[in-house]
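**Student:** show me how the following folds:
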Amino acid sequence: MATLRRWRVAGLMLLVWVSLFAFSYTQSASREEEQLLRLHRLLSSAQSKEAYFLSEQVVVDGRMESSVQTHAQSSPRLAKVSLRSRLTDTEDFRLQVYFHPEAVYLYSENSGIWNKAAYNHPSVGELEGLRDPFAFWLRMLGEAESIEQTKEGMYSLTLQPFRDDIHGIHVDDVIRAHMQVQLDEQTGKVKSLKLDAELKPSIIKSRERLSYRITLLEEHEEPELTLPKEAMTAEPMP
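**Tutor:** Numbers count the residues shown, from 1 in each chain. Below you'll find the predicted structure:
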């Protein structure tokens, strides 16, 4: 009888432990889902804004590969993106892109040539990351394996290996990746986003680490954006 009672007590303790573990796991999963939903709402809100200032940097193995400055205004609706990408150790590719309601205007600082294209032009699709910088980060939320609030307004996410493009850089060799989201403590809005990825080097791609950061700058007085008069001489893209 004593042995039977001991087995019953042990079984009851095991049941209680399993129940507590299940409850704790459910609470933790629910909290993570809540945090992801909050970040998704905040990023979607930032994505829907028509007026903003932001800067972006892509660093590969400690070397700046690409930098972007964006100024978007709502009235009159126009966005200007200044892109600088490394071609060689001594040469950069510099491009200005104007997203006008009627067309996209591109000015190559290297050649001094203006071009324009309709939004349904195939080449314009390659500029979607410049036109909508938040779409990438929303996709990364979908790759989250875990999320943790490290301090007030700061979230750290562990991502599963993914494939994507960052301003012309194809990323398909991710070993592990982490994402950080910083919120403005006063407004609760997104202040900055950062991705750090460890990459698997290959014969073709010797890169090992990639860092991508976007910072939303405080709104400040800027001269009203206008399409440069030189854009009127733009040649249609073939």
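
**Student:** least trustworthy helix or strand in this structure by mean pLDDT?
**Tutor:** For the chain, scoring each helix and strand by mean pLDDT, DSSP states H and E identifies helix 2-48 as the least confident one, at a mean of 67.

**Student:** and the residue nearest to the spatial centre of the chain, helix, strand or coil?
**Tutor:** For the chain, residue 137 is the residue whose C-alpha lies nearest the centre (Cα atoms, centre = their mean; 3.2 Å). When classified by DSSP: H, G, I helix; E, B strand; the rest coil, residue 137 comes out as helix.

**Student:** measure it to residue 217 for me?
**Tutor:** Separation of residue 137 from residue 217 (Cβ to Cβ, to the nearest Å) stands at 16 Å. (Glycine included, C-beta is placed from N, CA and C.)

**Student:** again, but for residue 133
**Tutor:** Distance, residue 133 to residue 217, using Cβ to Cβ: 13 Å.

**Student:** next, show the common contact partners of the two.
**Tutor:** Any residue near both residue 133 and residue 217 by Cβ atoms under 8 Å, 6 or more residues apart in numbering counts here, and that gives residue 54.

**Student:** the two: which is more packed in?
**Tutor:** Shown here are residue 133 and residue 217; by other Cβ atoms under 10 Å, residue 133 has more neighbours (22 against 14).

**Student:** would you map the strands across the chain?
**Tutor:** Using DSSP state E, the strands of the chain run over 52-60, 63-74, 77-86, 92-99, 104-108, 113-117, 144-151, 154-159, 164-166, 169-171, 174-183, 190-199, 209-217, 235-236.

**Student:** which residues touch the first one?
**Tutor:** Spelled out, that is strand 52-60. Against strand 52-60 from outside (Cβ under 8 Å, 6+ apart): 46, 64-72, 133, 166-167, 169, 207, 209-220, 222.

**Student:** can you turn the buried part of these into a ChimeraX selection?
**Tutor:** Listed next is the ChimeraX selection for buried residues among these, using 16 or more other Cβ atoms under 10 Å:
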select :46,65,66,67,68,70,71,72,133,166,167,207,210,211,212,214,216
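
**Student:** what sits against residue 159?
**Tutor:** 140, 143, 144, 145, 174, 176, 177, 178, 179, 195.

**Student:** ok, and the most crowded of these?
**Tutor:** residue 195 (24 neighbours).

**Student:** looking at the contacts of residue 159, which is nearest residue 155?
**Tutor:** If you rank the contacts of residue 159 by distance to residue 155 using Cβ to Cβ, residue 179 comes first, at 8.3 Å.

**Student:** so what's the closest one bridging to?
**Tutor:** residue 157, residue 195 (DSSP bridges).

**Student:** pretty sure it sits against residue 144.
**Tutor:** Yes: if you go by Cβ atoms under 8 Å, residue 179 and residue 144 touch, sitting 7.5 Å apart.

**Student:** so for the two, which residues contact both of them?
**Tutor:** Common neighbours of residue 179 and residue 144, using Cβ under 8 Å, 6+ apart, are 157, 159.

**Student:** what's the local residue count around residue 151?
**Tutor:** Neighbours of residue 151 (other Cβ under 10 Å): 8.

**Student:** what's the separation between it and residue 210?
**Tutor:** According to Cβ to Cβ, residue 151 stands 25 Å off from residue 210.
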